[in-house]
Structures are given as C-alpha cells and as structure tokens.
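Quick one, what's the 3D model for this:
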Amino acid sequence: MAGSSHGHTPAAWTGVTIAFIGFCVSGAFMVMAQPVGFWAGMAIVLLGGVVGMIMRSMGLGQPKESGALVYSTATAPAATREPVAAES
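A predicted model of the protein is given here:
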C-alpha cells in the first residue's frame, strides 16, 4: 500500500481516531463491569465510522478513481518475451 495514499486522508484519520477512543472507553467500562458505559463506547465506535463517511462525502477522503495502483516505469514489472521453441 505504499504506492497509494490509502488511509492518508483527514476523513480516515478522524474516523479511526474517534473509533480508537470508543474502543478505549468500552474497554475501560468492560473492566469496571459497567454495561451501560461499554455500550456507550460502542456507540462512539460507530460514530467514528459515521463521521469518517460524512467527511469522505464532503471531499476530505480519497476519491474513488485514484484508488487503483499506478505503476511507474521504475516499479512496473518487467515484460520480457521468451523465444519460441521450434517443434520437430
């Protein structure tokens, strides 16, 4: 994935950060045996996904047409021809 900008957008960073905070909240409340806090953390995780999708629709994510990998001449696989063997 180093050849693309996969995940290097404000939408991706924001969504993942919010989801990570939600997982931390859920984990803390799970250890404290508080189910309401656990589910509140899970709601924060879902909020991270929603915020990421909204930001992507606002143009802060990676456009769909640039998602394909593009090979330059330096990294493109070498296309070599093999000689045709004569059949006898």
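
what's the helix or strand where Val51 lies packed up against?
According to DSSP states H and E, Val51 maps onto helix 35-55. Judged by 3 or more C-beta pairs under 8 Å, 6 or more residues apart in numbering; DSSP states H and E, the packing partners of helix 35-55 are helix 10-31. For the C-beta atoms, the positions are set from N, CA and C on the backbone; glycine is no exception.

Point out where the chain drops to low pLDDT.
For the chain, applying pLDDT under 70 flags the ranges 1-7, 65-79, 81-83, 86, 88.

so who does Gly27 touch?
Shown in contact with Gly27 (C-beta atoms under 8 Å, 6 or more residues apart in numbering): Gly41.

The one 10 residues further on now?
If you count contacts by C-beta under 8 Å, 6+ apart, Gly37 has them with 25-26, 28-29.

What is the burial count for Pro35?
When neighbours are counted by other C-beta atoms under 10 Å, Pro35 registers 10.

now it, nearest residue through space, not along the chain?
Phe29 (7.7 Å; C-beta to C-beta, 6 or more residues apart in numbering).

Now that Ala19 has come up, it's in contact with Gly48, right?
Yes. Applying C-beta atoms under 8 Å as the test, Ala19 and Gly48 come out as touching, 3.4 Å apart.

just to revisit the earlier point, could you work out the most separated pair of the contacts of Gly37?
Ser26 and Ala28 (7.4 Å; C-beta to C-beta).

more neighbours, those two?
Neighbours were tallied for Ser26 and for Ala28 using other C-beta under 10 Å; the higher tally belongs to Ser26 (19 against 13).

check contacts around the nearest residue to Leu46 once chain neighbours are set aside.
Spatially, and ignoring its direct neighbours in sequence, Leu46 is nearest to Gly22 (7.7 Å; C-beta to C-beta, 6+ apart). By C-beta under 8 Å, 6+ apart, Gly22 lies in contact with 41-48.

Quick check: the gap between the closest residue to Phe38 other than its chain neighbours and Gly52.
Of all residues not flanking Phe38 in the chain, Phe29 sits nearest, at 4.5 Å (C-beta to C-beta, 6+ apart). Going from Phe29 to Gly52 by C-beta to C-beta, to the nearest Å gives 23 Å.

Many thanks, I have nothing further to ask.
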